[in-house]
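Trainee: Prediction below, plus the sequence it came from.
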Amino acid sequence: MITRSSTLQGLVLPGILAGLLVVLPAFAQQAGGQPPAQPAAPPSAANPEAAKPMPSLQPQPTTVPGRPDIPNAEVNTMLRSIAPPPIPTPEDKLPIPQLKLPRGFKIEVFASGIANARTLRLGDKGTVFVSNRLLDKVYAIVDRNGRRETKVIASGLDRPNGLAFHKGTLYIAEGTRISKLERIEDSLADPPKPVVVYDDLPNHQSHGWRYIGIGPDEKLYINVGAPCNICEPPATNAQIRRLNLDGSGAEIYARGIRNSVGFDWHPVTKQFYFTEHGRDWLSEDLPEDELNRVTKPGQHFGFPYCHQGTFTDREMGWGRSCDEFEKPVALMGPHSAVLGMRFYTGKMFPSQYTNAIFIARHGSWNRTKKIGGDVVVVKLNKDGSVRSQEPFLTGFIQNNQYIGRPVDLQVMKDGSMLISDDYAGAVYRVTYPGGKIAKP
Amino acid sequence: MVSAWPASADTLEARVTACLACHGENGQSALPEVPSLGAQPAFYLLIQLFMFREKMRVVDVMNRMTQELSDNDLRGLADTIAKLPSPPPAGGPVDPARMERARALIEQHRCNFCHKRDYSGEESVPRLAGQREDYLVKALREYKDNSRRAYDASMADVLYLLTDGQILDLAYFLARVR
């Protein structure tokens, strides 16, 4: 159980840092287990005083002695993180022509001009809500007499990535709090100020944005990621919590989770499935991201000790075994950045997609050859295990560069599917014209 | 809020001149804790200007300077300032031990992967070479204590692991690196 404390806003971080001091020697090993390579430093004529130790801009060795896992100078800038433009791509420049779907499906622009479009949620009255992660806004897309309009309903927020909609109320999860906007669809023109329901969350930038959802048990679920790439996480982190809709009764639902930015409940079994990102900087091909399933509250999914259910971490895994932890139900590709996932419960797509999981793979950054940047379909067996995994929407990577990056999905009432893109700043709509099409 | 621009600053050239009143001739700052902007990547500059306009980064004068600018105004400023010459490294005697410590940290935390081997930056990643030492210290401390909001979490991943003494060494090195 999580101990509730209303004082934590200012105290959590120092707490984390104090904890860090204790574990620092352990993960100072992460990248610096040995003295770093010393590139030959030729004397600098311009500054004789610093002749010997001046840093060199000369070519460095192609491998780091003793650390073959550290990439060489030729590829290193291909591994840096990728920032999306803060200004969205104009509608006529969106990458629709490059995107590919199975035969019979179509994709079109649903809304453009939404910089950093992230989580998608659907209101009871048809409003589509869109969140930001790097920016500060939440948007509502409404149909006004056949014309689609986008308006900002909240701004000045702190990484408001998480959205959930339940019985007329929109829940917004920022970095350190969850708030709600009641009867939001009746007051889109003049939205109320968000009311905070829960703020016992640690403040950290790394994996410090949230994903939320409301389960069949009418409880609110929220991820609290690890505040690092790989470390022994504080007791407040690397977990999914669940709590009552008024913010009370918070408890740890699942543990050992590096970061999950997508989860959903199986429409029949009601079991909780979630996507999880594997650690960075281990290798081009390992570990793979995961699709996981919780069969019992309190289960531990391995972070930081075991990756992809098959091998222990280079630093944190000594003395541990992957047998101690829950194994993933599917491996989703190294660094592929699996984000939003939804079970398909609509009637428009062919029946083979009924109750299948659609998963947005945002695409890798910590890999020289980019992978992901697509939407895949995972089909399940009756017992909830994975039967197959196949591409659905591809084409966001062209010449090893992103032209868009899919984030989240929303099945609409007519069975069509919306897909958000936080790189181009847009929302797309996928339809199956061969299917039965009702008015949205 | 009152506009921070001089009344005459309605062209791109006049705006850049106003920027450089603080950020220094040719984008080389002479004011404490005010960064040099010369040769910063245009995309990095655009992101920062955007964050100032949207008040995601809170620095009063920068918030006022950007509040009335359009996306195209921001692009114009970023593209123009990016073409200013790079600031030269800090002069004076150099402490070899500090340079060596910083270089080890840079290898360990892969600073040069994103900021490039000559610390000139690229795309969304800022130039560090020749930046004012006091500004580098300020920026790193603000990333560390979460008071400066970064556009993405890359810096937080690194700063989580760094001590204040290491921040001082890194800033010392980057201001002087040749």
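Mentor: Structure's in. What do you need? What you are looking at is a predicted structure, and each value in this text was computed from that prediction instead of being measured. Residues are numbered from 1 along each chain as shown, chains lettered A, B, ... in the order given.
Trainee: lowest confidence element among the helices and strands of chain B?
Mentor: Lowest on mean pLDDT, DSSP states H and E among the helices and strands of chain B sits helix B:154-159, with a mean of 83.
Trainee: That one - contacts with which helices or strands?
Mentor: When contacts are defined as 3 or more Cβ pairs under 8 Å, 6 or more residues apart in numbering or on different chains; DSSP states H and E, helix B:154-159 packs onto helix B:133-144. Where you see a C-beta, it was placed from the backbone N, CA and C, and this is true even at glycine.
Trainee: Can you mark which positions in stretch A:142-150 are buried?
Mentor: Using 16 or more other Cβ atoms under 10 Å in any protein chain shown as the test for burial, stretch A:142-150 gives A:142, A:150.
Trainee: Span of it from start to end?
Mentor: Using Cα to Cα, to the nearest Å, one end of stretch A:142-150 lies 6 Å from the other.
Trainee: Residue B:50 contacts residue B:74, correct?
Mentor: Yes - here residue B:50 reaches residue B:74: they are 6.0 Å apart, a contact under Cβ atoms under 8 Å.
Trainee: intersection of neighbour lists for the two?
Mentor: Taking Cβ atoms under 8 Å, 6 or more residues apart in numbering or on different chains as the criterion, residue B:50 and residue B:74 both touch residue A:87.
Trainee: where do the helices sit along chain A?
Mentor: Using DSSP state H, the helices of chain A run over residues A:8-32.
Trainee: Poorly predicted segments of it, please.
Mentor: A:1-74, A:435-440 (pLDDT under 70).
Trainee: what about 90?
Mentor: The model of chain A has pLDDT under 90 over residues A:1-85, A:144-146, A:192-193, A:203-206, A:227-229, A:281-284, A:315, A:366, A:434-440.
Trainee: before we move on, back to that, next, the buried residues of the least confident helix or strand of chain B.
Mentor: B:154-159.
Trainee: ok, the spatially closest residue to residue A:207 that is not a sequence neighbour - contacts?
Mentor: Using Cβ to Cβ, 6 or more residues apart in numbering or on different chains and skipping residues adjacent in sequence, the residue nearest residue A:207 is residue A:225, 3.0 Å away. By Cβ under 8 Å, 6+ apart, the contact list for residue A:225 reads A:206-208, A:237-238, A:257-260.
Trainee: any idea how far residue A:408 is from residue A:225?
Mentor: Per Cβ to Cβ, to the nearest Å, residue A:225 is found 16 Å from residue A:408.
Trainee: Pick the one among the buried residues of helix B:154-159 closest to residue A:249.
Mentor: Nearest to residue A:249, judged by Cβ to Cβ, of those is residue B:156 at 30.2 Å.
Trainee: rewinding a little: ok, so of the buried residues of helix B:154-159, who is nearest chain A?
Mentor: Distance to chain A, by Cβ to the nearest Cβ, is smallest for residue B:156 among the buried residues of helix B:154-159, at 3.0 Å.
Trainee: Return the residues in contact with that closest one.
Mentor: Contacts for residue B:156 (Cβ under 8 Å, 6+ apart) come out as A:204-206, A:208, A:227, B:143, B:146, B:150.
Trainee: For ChimeraX, what selects the buried ones among those residues?
Mentor: This is the ChimeraX syntax for the buried subset of those, where burial follows 16+ other Cβ under 10 Å:
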select /A:204,205,206,208,227 /B:143,146,150
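Trainee: Let me have the contacts of residue A:225 in a markdown table, adding distance to residue A:181 as columns.
Mentor: Formatted as a markdown table, these follow (distance: Cβ to Cβ, whole Å):
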| residue | distance to residue A:181 |
| --- | --- |
| A:206 | 28 |
| A:207 | 25 |
| A:208 | 22 |
| A:237 | 27 |
| A:238 | 29 |
| A:257 | 28 |
| A:258 | 30 |
| A:259 | 26 |
| A:260 | 24 |
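Trainee: and which of these is nearest residue B:41?
Mentor: residue A:206 (23.0 Å).
Trainee: Pretty sure that closest one sits against residue B:158.
Mentor: No - the pair formed by residue A:206 and residue B:158 falls short of the contact definition of Cβ under 8 Å, at 9.1 Å.
Trainee: tell me, what's touching those two both at once?
Mentor: Common neighbours of residue A:206 and residue B:158 (Cβ under 8 Å, 6+ apart) do not exist.
Trainee: surely residue A:136 meets residue A:155?
Mentor: Yes - using Cβ under 8 Å, residue A:136 makes contact with residue A:155 at a distance of 5.5 Å.
Trainee: Looking at those two, which is more packed in?
Mentor: residue A:136 (21 against 14; other Cβ atoms under 10 Å in any protein chain shown).
Trainee: Now do the contacts for the more buried one.
Mentor: Each residue near residue A:136 by Cβ under 8 Å, 6+ apart is listed here: A:155-158, A:160, B:54, B:56.
Trainee: Kindly report the same for residue A:216.
Mentor: Counting by Cβ under 8 Å, 6+ apart, residue A:216 makes contact with A:265, A:270.
Trainee: Relative to chain B, how far out is it?
Mentor: Residue A:216 is 32 Å from chain B, where distance means Cβ to the nearest Cβ, to the nearest Å.
Trainee: Excluding chain neighbours, what is closest to the residue of the stretch 151-300 of chain A found nearest chain B?
Mentor: Per Cβ to the nearest Cβ, residue A:205 is where the stretch 151-300 of chain A lies closest to chain B, at 3.0 Å. Spatial nearest neighbour of residue A:205, excluding adjacent residues (Cβ to Cβ, 6+ apart): residue B:156 at 3.0 Å.
Trainee: so the residue nearest to the spatial centre of chain B, which of the three states?
Mentor: With distances taken as Cα atoms, centre = their mean, residue B:35 lies nearest the centre of chain B, 5.3 Å away. Following DSSP: H, G, I helix; E, B strand; the rest coil, the label given to residue B:35 is coil.
Trainee: In contact with it, which residues?
Mentor: Neighbouring residues of residue B:35 by Cβ under 8 Å, 6+ apart: B:23, B:29, B:131-132, B:135, B:139.
Trainee: Can you name the residues bridging to residue A:112?
Mentor: With DSSP bridges as the criterion, residue A:112 is bridged to residue A:426.
Trainee: I figured it hits residue A:95, correct?
Mentor: No - the criterion here is Cβ under 8 Å, and residue A:112 misses it with residue A:95 at 11.5 Å.
Trainee: Contact residues of the stretch 201-350 of chain A facing chain B?
Mentor: A:203-208, A:227-229, A:231, A:281 (Cβ under 8 Å from any Cβ of the partner chain).
Trainee: follow-up on the earlier one: and chain A, which of the contacts of residue B:35 reach it?
Mentor: Among those, no residue sits close to chain A (Cβ under 8 Å from any Cβ).
Trainee: can you pick the most crowded of those?
Mentor: residue B:131 (27 neighbours).
Trainee: and residue B:113, helix, strand or coil?
Mentor: The assignment at residue B:113 comes out as helix when based on three-state DSSP.
Trainee: what's the spacing between it and residue A:290?
Mentor: When distance is defined by Cβ to Cβ, residue B:113 is 25 Å away from residue A:290.
Trainee: chain center to the least confident helix or strand of chain B: distance?
Mentor: Offset of helix B:154-159 from its chain centre (Cα atoms, centre = their mean, to the nearest Å): 16 Å.
Trainee: Pretty sure residue B:153 sits against residue A:208.
Mentor: Yes - using Cβ under 8 Å, residue B:153 makes contact with residue A:208 at a distance of 6.7 Å.
Trainee: on that earlier part again, closest one to residue A:180 out of the contacts of residue B:156, please.
Mentor: Nearest member of those to residue A:180, counting by Cβ to Cβ, is residue A:208, at 20.6 Å.
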